[in-house]
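Participant: sequence and predicted structure, then a few things I'm wondering about:
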Amino acid sequence: MRQIVRTEGPLAAASPNNIALTQTPTTAGFTINGSTATAGVATLDTARRVLLTTAGDEHTRTVVVSGTDGQGRLISETIAGANIGTTQSNLDFLTITSAIPSGNFAGAATIGTSGVASSIPLPLDHYGWPEDAVQVVVTGTINYTVQQTLDDPFTASASTNLNWSDFADPNLVGQTTTSSGGVEYPPAALRLLINSGTGTAKITILQPGILG
């Protein structure tokens, strides 16, 4: 029997400008000067999604955000601008070292964090029996989803967003209380996605047996 355990949360409150305060950025880059920043590097409470908020029409521009993930690996992601609104990264950043726009912004913008975060990929053993049991124990207020991928997390680069989909068992999708479920086949990896909330969620995965 193989057991995998991972706890996510609690997340600090979301903030639209805790990475970069209001400014009109140029191609020289955002000044990383929010409440999480020290000497031009923002360090977040946990690896989580980055939020770009624009006061003007920036839908033709992008911002390359660079930093590290929860495993300390260098990552970067290109985030599209919005026409007066917000856009969110797909990757989870623990630190942000730079944010470089593709062109001078027309108006003010900020960079911060949303209330979304996901765990590192939790690879499953393909030599085990195909049935996997999964449980998530909740403390406090939180909304979570267990997700799965068939992509190999060992061959993907740090900046590659694996193709994630919601877990096959709906008992573990969009839940707010302790729940359990399972699948009859092993995906390549699972992860725990925090959709919102300030509580904690602990995922436990059990893989029975080893195929001979």
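Facilitator: Nice, thanks for sending it over.
Participant: I'd like to know how far Thr87 sits from Thr145.
Facilitator: 20 Å (CB to CB, to the nearest Å). From N, CA and C alone the C-beta is placed, and that goes for glycine too.
Participant: repeat for Ile205
Facilitator: Here the criterion is CB to CB. By it, Ile205 lies 15 Å from Thr145.
Participant: where does the chain dip in pLDDT?
Facilitator: Counting by pLDDT under 70, the ranges of the chain that qualify are 128-130, 209-212.
Participant: hmm, Thr149 is touching Ser165, no?
Facilitator: Yes - using CB atoms under 8 Å, Thr149 is in contact with Ser165, at 7.3 Å.
Participant: the two: which is more packed in?
Facilitator: It is Thr149, of Thr149 and Ser165, that has more neighbours when counted by other CB atoms under 10 Å, with 19 against 10.
Participant: how many neighbouring residues does the closest residue to that one other than its chain neighbours have?
Facilitator: Spatial nearest neighbour of Thr149, excluding adjacent residues (CB to CB, 6 or more residues apart in numbering): Leu162 at 4.6 Å. Leu162 has 17 neighbours, counted by other CB under 10 Å.
Participant: what do you get for Asp92?
Facilitator: Each residue near Asp92 was counted by other CB under 10 Å, and the total is 23.
Participant: any idea how far it is from Ser114?
Facilitator: From Asp92 to Ser114 the distance is 11 Å (CB to CB).
Participant: give me the common contacts of those two.
Facilitator: With contacts defined as CB atoms under 8 Å, 6 or more residues apart in numbering, the residues shared by Asp92 and Ser114 are Arg48, Arg49.
Participant: count of residues packed around the residue nearest to Val5 when sequence neighbours are not counted?
Facilitator: Spatially, and ignoring its direct neighbours in sequence, Val5 is nearest to Thr204 (5.2 Å; CB to CB, 6+ apart). Neighbours of Thr204 under the rule other CB under 10 Å: 15.
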